[in-house]
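Asks: Predicted structure and sequence below. I'll ask about it afterward.
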Amino acid sequence: MFSNMRLKFLLLTLTVLYVTNASAKIYCANHTYGASVNTSYMQFTKEVIDQEYVMEGNFKYLHCCAKGYRSIEWLKDGKSYPWSSEDTSSLILYPDAENQTIFTRKASKIDEGKYTCVLRNATHKLEHHIDIKVISSSPDIPLATFKPVDQFVNVDGSARFYCEAFIGKKALPNIAISIKWHHLSDDSKVESINNDDNHIGEEVVYREDGQIIGSYLTITQVTLNHYGRYLCRIEIGNSYNHRLDMTASLINALPIEANFRSILTNHIFLGSCAAIIALITFFLFLHCTKSWWLDYVGASVKKEDDLQNKELAVFSCRKHLQPVKSDVNRHLRNKCDDIKIQIGSS
């Protein structure tokens, strides 16, 4: 009897491990970024969830889907795996999932906290944080686990949005659960996605036995009509009070680049104008300074020349006094003195 129970428990454990391992591989293999397919550098290959919820006593796993790494390290509240004690966390690692998944078969309050997956290669490191909250019952309102992120895309490019929420297990199987994307008009009016548009589509996904629901909105070829805000609405039943709304925008990246180039061009133009004005001002200053200096030097030279000429005149005057008689000499000397006085006064 005891052996049979032990065997059943072992088989159940192996089944859970197999299903978990398979689910981990499928989860990380599906819905990867298109840009990551033909690349080998270290990166996350799909949206990494940053908020997780689990009902106490239920199964729970965390994923860190990536490629190009040499190692993945898991931490909980800064403590590295393997945990030093069971009081840290009950989540354990799956090596067969290439270290991208940790899980617990029965979540408890000790599992609450901030988990971090750290990717490393020879030169770089990437890390992502995931918060877990353990709750006692299913929520009345969907709890956001991943909020859509704004996308900057050129015309003819591609874009994808993702939203996700924890809804838990519902006691009544006939309760309607819906998740839907909408396009918001300029006046915030909710509009349905155009089903006739072959370039846009939605895909609903589930994980953890349907307790978490998500949806991808993919636009394979962006046109001008696709730009704007998008609304992800998740509802439990048909009541407004049981609804979660999350929004994100698709933004044309070209005007941003054009505006940047325009701003850069304007700065270059203004800088060039300022430089030209500075050069003109400098040359005008040099010209004015040169003119003033030449005038000043010219006036000084002229004055000195005049003085020399007058002194020469006095010298010549006195020189010619010697052969003249005394009376005339006295008169001429007075004339020479007058010239000297004039020279001194000037």
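Replies: Right, received. Where do you want to start? Residues are numbered from 1 along each chain as shown.
Asks: Could I get the full set of strands for the stretch 101-250 of the chain?
Replies: Taking DSSP state E, counting those that start in this stretch as the criterion, the stretch 101-250 of the chain carries its strands at 101-104, 113-120, 125-135, 143-146, 151-153, 159-166, 177-184, 190-192, 200-207, 212-219, 228-236, 243-252.
Asks: Of the ones you listed, which shows the lowest average pLDDT?
Replies: Ranked by mean pLDDT, these end with strand 190-192 in last place, scoring a mean of 89.
Asks: now that one, how far from the centre of its chain.
Replies: Counting by Cα atoms, centre = their mean, to the nearest Å, strand 190-192 is centred 30 Å from the centre of its parent chain.
Asks: do the same with stretch 277-285
Replies: On Cα atoms, centre = their mean, the centre of stretch 277-285 falls 42 Å from the chain's centre.
Asks: what distance separates the start and the end of stretch 72-85?
Replies: For stretch 72-85, the first-to-last residue distance is 20 Å (Cα to Cα, to the nearest Å).
Asks: on that earlier part again, mean neighbour count and distance to residue 75 added to the strands of the stretch 101-250 of the chain, as TSV?
Replies: No exception for glycine: its C-beta is placed from N, CA and C like everyone else's. Output for the strands of the stretch 101-250 of the chain, formatted as TSV (neighbours: other Cβ atoms under 10 Å; distance: least, Cβ to Cβ, whole Å):
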stretch	mean neighbour count	distance to residue 75
strand 101-104	23	11
strand 113-120	19	4
strand 125-135	16	9
strand 143-146	20	20
strand 151-153	17	31
strand 159-166	23	23
strand 177-184	18	32
strand 190-192	11	41
strand 200-207	15	23
strand 212-219	20	23
strand 228-236	20	31
strand 243-252	17	28
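Asks: can I get the ones you listed in a markdown table with distance to residue 78?
Replies: Shown next, in a markdown table, are those (distance: least, Cβ to Cβ, whole Å):
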| stretch | distance to residue 78 |
| --- | --- |
| strand 101-104 | 16 |
| strand 113-120 | 8 |
| strand 125-135 | 11 |
| strand 143-146 | 23 |
| strand 151-153 | 33 |
| strand 159-166 | 25 |
| strand 177-184 | 35 |
| strand 190-192 | 43 |
| strand 200-207 | 27 |
| strand 212-219 | 26 |
| strand 228-236 | 33 |
| strand 243-252 | 30 |
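Asks: Please name the nearest non-neighbouring residue to residue 165.
Replies: Nearest residue to residue 165, sequence neighbours excluded (Cβ to Cβ, 6 or more residues apart in numbering): residue 142, at 3.7 Å.
Asks: Sorry, slip of the keys, the one I care about is residue 32.
Replies: Distance criterion Cβ to Cβ, 6+ apart; nearest residue to residue 32, sequence neighbours excluded, is residue 45 at 4.5 Å.
Asks: What residues does that neighbour make contact with?
Replies: Applying Cβ atoms under 8 Å, 6 or more residues apart in numbering to residue 45 gives the contacts 28, 32-33, 36, 65-67.
Asks: Please apply the same query to residue 27.
Replies: If you count contacts by Cβ under 8 Å, 6+ apart, residue 27 has them with 63, 65, 101, 207.
Asks: Pull up the gap between the nearest residue to residue 203 once chain neighbours are set aside and residue 63, please.
Replies: Once flanking residues are discounted, residue 203 sits nearest to residue 216: 4.6 Å by Cβ to Cβ, 6+ apart. Separation of residue 216 from residue 63 (Cβ to Cβ, to the nearest Å) stands at 16 Å.
Asks: Over to residue 154?
Replies: Distance of residue 154 to residue 63, given as Cβ to Cβ: 31 Å.
Asks: And those two? Which one has more around it.
Replies: Set residue 154 next to residue 63 and count neighbours by other Cβ atoms under 10 Å: residue 63 wins out with 21 against 13.
Asks: so where do the helices sit in the chain?
Replies: 2-29, 253-319, 326-345 (DSSP state H).
Asks: Restricted to buried residues, select the contacts of residue 45 in PyMOL.
Replies: Applying 16 or more other Cβ atoms under 10 Å to the contacts of residue 45, the buried members can be selected in PyMOL as follows:
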select buried, resi 28+36+65+66+67
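Asks: and residue 249, bridged to which residues?
Replies: Per DSSP bridges, the residues bridged to residue 249 are residue 229.
Asks: for it, what are its contacts?
Replies: With contact taken as Cβ under 8 Å, 6+ apart, residue 249 is in contact with 150-151, 228-230.
Asks: How far off centre is stretch 105-117?
Replies: Here stretch 105-117 is found 31 Å from its chain centre; the criterion is Cα atoms, centre = their mean.
Asks: outside of it, which residues touch it?
Replies: For stretch 105-117, contacts defined as Cβ under 8 Å, 6+ apart pick out 16, 54-60, 62, 64, 66, 72-78, 86-91, 100, 102, 104, 127-134.
Asks: Same list (the contacts of residue 27) but as JSON lines, adding distance to residue 119.
Replies: Shown next, in JSON lines, are the contacts of residue 27 (distance: Cβ to Cβ, whole Å):
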{"residue": "63", "distance to residue 119": "13"}
{"residue": "65", "distance to residue 119": "11"}
{"residue": "101", "distance to residue 119": "14"}
{"residue": "207", "distance to residue 119": "22"}
